[in-house]
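Fold the following for me, if possible:
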Amino acid sequence: MLEASALQDDLRRAQIEPFAWVINGSLAAAQPRDPVLRARAAAEIPQIRKVKELLALRVALIPFQAEEPVGVERLNSLAVGMAEHLAACVG
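From the prediction side, this is the model:
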């Protein structure tokens, strides 16, 4: 996050406004059931909040995937899942 924040600062100095931040491979977004993974996911939450509240105008939060989303079908299912999640969040 520190490197991305510094890059954003550099872009803004060049008068380039980043469109969004992508938080990829988030355990918190994956909502794991394993107690160890749940603890690691909980540790992500303050950083995710910091990005959402202080650093980014828009955030795409991508859950950790059991398999890499390689290929059209997997990328499409990831996009559909994100759209459904956004619809549920917005109401």
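
okay, CA-based contacts and neighbour counts for the rest of this
Noted.

And the strands in this protein?
21-26, 59-63 (DSSP state E).

I'd like those as JSON lines, with mean neighbour count appended.
Shown next, in JSON lines, are the strands of the chain (neighbours: other Cα atoms under 10 Å):
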{"stretch": "strand 21-26", "mean neighbour count": "15"}
{"stretch": "strand 59-63", "mean neighbour count": "16"}
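
Can you say which of these is nearest to residue 14?
Nearest to residue 14, of all the strands of the chain, is strand 21-26, at 17.7 Å by Cα to Cα.

Remind me what the closest one packs against, helices and strands.
helix 35-50, strand 59-63 (3 or more Cα pairs under 8 Å, 6 or more residues apart in numbering; DSSP states H and E).

and the shortest one with helix 35-50, angle?
Okay, so that is strand 59-63. 170 degrees (axes from the mean of the first three to the mean of the last three Cα atoms, to 10 degrees).

and strand 59-63, which strands flank it?
strand 21-26 (parallel) (DSSP bridges).

How far off centre is the strand it pairs with?
Relative to the centre of its chain, strand 21-26 is centred 3 Å away, using Cα atoms, centre = their mean, to the nearest Å.

any residues touching that strand, and which ones?
Applying Cα atoms under 8 Å, 6 or more residues apart in numbering, the contact partners of strand 21-26 are 41, 44, 48, 51, 56, 58-65.

List the buried residues in stretch 35-55.
Residues 38, 41, 48, 51, 55 are the ones in stretch 35-55 that count as buried (16 or more other Cα atoms under 10 Å).

picking up where we left off before, let's have the contacts of strand 21-26 in TSV, adding distance to residue 76 and pLDDT.
Shown next, in TSV, are the contacts of strand 21-26 (distance: Cα to Cα, whole Å; pLDDT from 0 to 100):
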residue	distance to residue 76	pLDDT
41	25	94
44	26	94
48	24	92
51	26	93
56	25	90
58	21	88
59	19	88
60	15	84
61	16	86
62	13	86
63	15	89
64	16	91
65	14	86
